[in-house]
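**Q** Fold the following, please.
(chains A and B)
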Number of protein chains: 2
Amino acid sequence: MRQPKQQRAVETRDGILRAAAEVFDEMGYAGAGINRILERAGATAGSLYFHFQSKEGLAHAVMDQQADTILPLLRSEGLQRLIDITIVWSRQLQTNVLLRAGVRLTTEQSTLGMGEAAGPYVAWAKVMEECLVEARERGELQAGVDPAQVAEQVVETCTGMQLFSAAAVGRADLPQRVRRMWQILLPGIAVPATVVRMDLDPNRLEEAGLV
Amino acid sequence: MRQPKQQRAVETRDGILRAAAEVFDEMGYAGAGINRILERAGATAGSLYFHFQSKEGLAHAVMDQQADTILPLLRSEGLQRLIDITIVWSRQLQTNVLLRAGVRLTTEQSTLGMGEAAGPYVAWAKVMEECLVEARERGELQAGVDPAQVAEQVVETCTGMQLFSAAAVGRADLPQRVRRMWQILLPGIAVPATVVRMDLDPNRLEEAGLV
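**A** Next up, the predicted model:
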């Protein structure tokens, strides 16, 4: 059983993480001051450094949360699971500040030299590759389609569509862009029976009460 | 005939633009000081403001140069022309500071609120759409493939692959990622005879003496 003291520590950590996400989302990494984060969280500098060591540690914790905001929501398998990851991601980016901050920091860090800059891209590609390996085992992919290569390309396209959509319409059309991506990609990677069976509706998880 | 005075003005403008590109490429928009740009260019503040009005104007001039560093190099048509744009882009990003700064500013500006933030994405999508319309007229595309939709997706994938590649390996594998993109996309959008005819070799324009 979790002790009250541990419980409080978890709540403090979560509060700081969420406040940091809000400030990173609004101002980016360079603009986000530690004092502003502490003020927003109602926390002390001591507790921030106890849980996260540094502003960079805090940024990495925010970035590492990306998959956790999406994967627990999913019940599908194989190629539909990969599609669902991208659908939930596009919906969550509109409402979930922790995910949005994680994505912003991931984009920024290539230029900030924060070390291990490719980490979040590689982590997403790994998660997606697993779905595609499963899809291959289920006979959903065309012969010769390489799960690792397709996974990296999906990460790239999602990264770019997020920036394009944010610049053009504040991310309002992101779910439609995800659907478009699959409409263009599927005929080249999936067998015909799978292409027609995949559900690309941006609302499919909402209807299942998942987002 | 161009007058010597006009000639000098053009050289001054080009010198400032190039110096600005170097500083934007190194430090990003927020970090790039006007004084550092002037020092690098050996120019006066007066001439900078005469040609570009403001730091934002300078940034837009750098971003607007992107297509000009690529399109004049191409002689191909239709789908091969679109492929060549992405090949030359991936090669030029490794060596051409003006293009690299334009791409960095394009990525940054979504978050900087520099107005018309989607401009460069939309401009690239337009150029690519024209190639795809031509490809359709030449019978290279499968029925039902929408040039505007595919064009936006190519822009998104290139935007994301540039960030992924920069974070992972300092852009060293960008030409291979471009080739991968077409290997995955072509079977779903082009007719079989065109798929096998397209040349995806990253060195094909180098061999023709174009880059």
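
**Q** what comes up buried for the longest helix anywhere in chain A?
**A** Ordering each helix of chain A by length in residues (DSSP state H) puts helix A:4-31 first. For helix A:4-31, burial by neighbour count (16 or more other C-beta atoms under 10 Å in any protein chain shown) applies to A:12-13, A:16-26, A:28-29. In short, each C-beta sits where N, CA and C put it, glycine included.

**Q** so what pLDDT did the spatially closest residue to A:Arg204 that is not a sequence neighbour get?
**A** Leaving out its chain neighbours, the residue that sits closest to A:Arg204 by C-beta to C-beta, 6 or more residues apart in numbering or on different chains is A:Ile87, at 6.9 Å. pLDDT for A:Ile87: 95.

**Q** hey, C-alpha coordinates of the host helix or strand of A:Ile87 in CSV?
**A** Using DSSP states H and E, A:Ile87 sits within helix A:78-95. The C-alpha trace of helix A:78-95 is given here as CSV (Å, rounded to 0.1, in the frame of the first residue of the first chain):
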residue,chain,number,x,y,z
GLY,A,78,-1.4,-4.6,-35.7
LEU,A,79,-1.8,-1.9,-38.4
GLN,A,80,-5.1,-0.6,-36.8
ARG,A,81,-3.1,0.0,-33.6
LEU,A,82,-0.5,2.0,-35.4
ILE,A,83,-3.3,4.0,-37.1
ASP,A,84,-5.0,4.5,-33.7
ILE,A,85,-1.7,5.8,-32.1
THR,A,86,-1.7,8.6,-34.8
ILE,A,87,-5.4,9.3,-34.4
VAL,A,88,-5.2,9.6,-30.6
TRP,A,89,-2.0,11.6,-30.9
SER,A,90,-3.7,14.1,-33.3
ARG,A,91,-6.7,14.5,-30.9
GLN,A,92,-4.6,14.7,-27.7
LEU,A,93,-2.3,17.3,-29.1
GLN,A,94,-5.3,19.6,-29.3
THR,A,95,-6.2,19.2,-25.6
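
**Q** counting contacts, what elements does it pack onto?
**A** Packing contacts for helix A:78-95, counted by 3 or more C-beta pairs under 8 Å, 6 or more residues apart in numbering or on different chains; DSSP states H and E, involve helix A:97-112, helix A:119-137, helix A:147-169, helix A:174-189, helix A:204-207.

**Q** pLDDT (mean, whole number) over stretch A:96-106?
**A** 90.

**Q** just how off-centre is that stretch within its chain?
**A** Stretch A:96-106 sits 7 Å away from the centroid of its parent chain (C-alpha atoms, centre = their mean, to the nearest Å).

**Q** Stretch A:21-34 too?
**A** 18 Å.

**Q** just stretch A:129-136 next, same as before
**A** Centre-to-centre, stretch A:129-136 and its host chain are 18 Å apart (C-alpha atoms, centre = their mean).

**Q** can you check stretch A:45-60 too?
**A** Chain-centre distance of stretch A:45-60: 21 Å, with C-alpha atoms, centre = their mean.

**Q** picking up where we left off before, what residues are up against the residue nearest to A:Arg204?
**A** A:175, A:178, A:200, A:202, A:204-205 (C-beta atoms under 8 Å, 6 or more residues apart in numbering or on different chains).

**Q** Residue ranges in chain A under the pLDDT threshold?
**A** A:1-3, A:110-116, A:208-211 (pLDDT under 70).

**Q** cutoff 80 now
**A** Per-residue confidence for chain A (pLDDT under 80) gives these ranges: A:1-5, A:72-73, A:109-117, A:206-211.

**Q** Show me which residues of it are close to chain B?
**A** Residues of chain A found near chain B (C-beta under 8 Å from any C-beta of the partner chain) are A:28, A:30, A:104, A:107-111, A:117-118, A:121-122, A:142, A:149-150, A:152-153, A:155-161, A:163-164, A:166-168, A:177, A:180-181, A:183-189.

**Q** Show me how to select, in ChimeraX, the buried members of those residues.
**A** A single ChimeraX command selects the buried members of the residues of chain A next to chain B (16+ other C-beta under 10 Å):
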select /A:28,104,107,108,109,110,111,117,118,121,142,149,150,152,153,155,156,157,158,159,160,161,163,164,166,167,168,177,180,181,183,184,185,186,187,188,189
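
**Q** Which residues does stretch A:153-164 contact?
**A** Contacts to stretch A:153-164, defined as C-beta under 8 Å, 6+ apart, come from residues A:82, A:86, A:89, A:93, A:103, A:106-107, A:121, A:124-125, A:128, A:171, A:174, A:177-178, A:181, A:185, B:107, B:110, B:118, B:121, B:152-153, B:155-161, B:163-164, B:177, B:180-181, B:184.
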